[in-house]
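In: model the structure of this input:
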Amino acid sequence: MTPAELLRHLDEATLWPGGCGLTNEEALARALQVRALRVARGEQPRGFKIGFTNRTIWPRYGVHEPIWGTVWYTTLHLCEGEGTIQLAGTAQPRIEPECVFGLRAEPPPRADLQALRDCIDWFAPGFEIVQSHCADWRFTTADTLADSALHARLLVGRRIDAAALPADAQAFDAALAAAGVRLQRDGAEVERGTGANVLDGPLHALLHFVRALRGVAGAPALRAGDVVTTGTWTDAWPVQPGETWQAAFDAPLEPLTIRFE
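Out: Have a look, this model is predicted:
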């Protein structure tokens, strides 16, 4: 599909007639073309999402490597622990509990784990609402790349100063990796997960992304002020208007509640 066709399906929340028919490299280039079209019409990037960092769900979806895409000013929503999201305009939406980072500085070239820790301004609980324009969530890795990395919405909860965790990168990531989450729908638990699911820890997921980003010709750079969500701690669960979901994160993260309309 052409960039214009991909953007039309995004805008209209309509399913593709089939797969994208592209290689992974071609699909990533196509996604960057879609990003350029969105910027040209006035949309503003606010950061990035990293997807498929949770190795436990790779066999379920047939995708065995992380992906990434853009978070937009129209898709990013901030709250202080409770938020409401409109599902209109999304295709087959699902919910994912995640750890989100806010950057205070651009990561240096060839950044290591400690350099990334030094760039983090805050961390927060998040819900990414993902979507698929492939029927029944059946896709290839290339399809997910061309489909803007499946990003639809991102709700970010109470932001916590990064100084609340150790300055040492290994200890910082270990605290987040050890945390668990209980995902609930309308008060009933549906799944439990842990921060270690995302490539052994959220900071490790960010490191993977930074290295992958620098290896793609024409890819945008991470900037100070960017928001990056690092991948789901559980499976992605279908959502509908009228539902209320809660992610009961362990410390150092805080609980997050989302209502769908």
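In: what residues does the helix or strand where residue 176 lies touch?
Out: If you go by DSSP states H and E, residue 176 is part of helix 169-178. Contact partners of helix 169-178, identified using CB atoms under 8 Å, 6 or more residues apart in numbering, comprise 99, 112-114, 116-117, 120, 123, 162, 165-166, 194-196, 200-204, 250, 252-253. All C-beta atoms are positioned from the backbone trio N, CA, C, and that covers glycine.
In: in strands only, show me those residues.
Out: Among those, DSSP state E puts 99, 120, 123, 194 in strands.
In: neighbours of residue 113, how many?
Out: By other CB atoms under 10 Å, 17 other residues sit near residue 113.
In: wait, I meant residue 220
Out: 15.
In: now swap in residue 261 and tell me
Out: 10.
In: dead centre of this protein: give me the residue that sits there.
Out: residue 49 (3.3 Å; CA atoms, centre = their mean).
In: quick one: pLDDT of that one?
Out: On pLDDT, residue 49 comes in at 98.
In: for it, what is the enclosing helix or strand?
Out: Counting by DSSP H and E, the element that carries residue 49 is strand 45-51.
In: enumerate every residue touching residue 208.
Out: 50, 53, 66, 199.
In: need the strands for the stretch 1-150 of the chain, in chain order.
Out: 45-51, 67-72, 76-78, 82-85, 94-103, 120-130 (DSSP state E, counting those that start in this stretch).
In: looking at the ones you listed, spot the one closest to residue 184.
Out: Among the strands of the stretch 1-150 of the chain, strand 94-103 comes nearest to residue 184, with 10.1 Å by CB to CB.
In: helices or strands up against the closest one?
Out: Strand 94-103 sits against strand 120-130, strand 180-185, helix 202-214, strand 227-232, strand 237-238, strand 244-249, with contacts defined as 3 or more CB pairs under 8 Å, 6 or more residues apart in numbering; DSSP states H and E.
In: partner strands of it, parallel or antiparallel?
Out: strand 120-130 (antiparallel), strand 227-232 (antiparallel), strand 237-238 (antiparallel) (DSSP bridges).
In: would you mind getting the angle between the first one and strand 244-249?
Out: So that's strand 120-130. Between the axes of strand 120-130 and strand 244-249, defined by axes from the mean of the first three to the mean of the last three CA atoms, to 10 degrees, the angle is 140 degrees.
In: count of neighbours near residue 43?
Out: Residue 43 - counted by other CB under 10 Å - has 15 other residues nearby.
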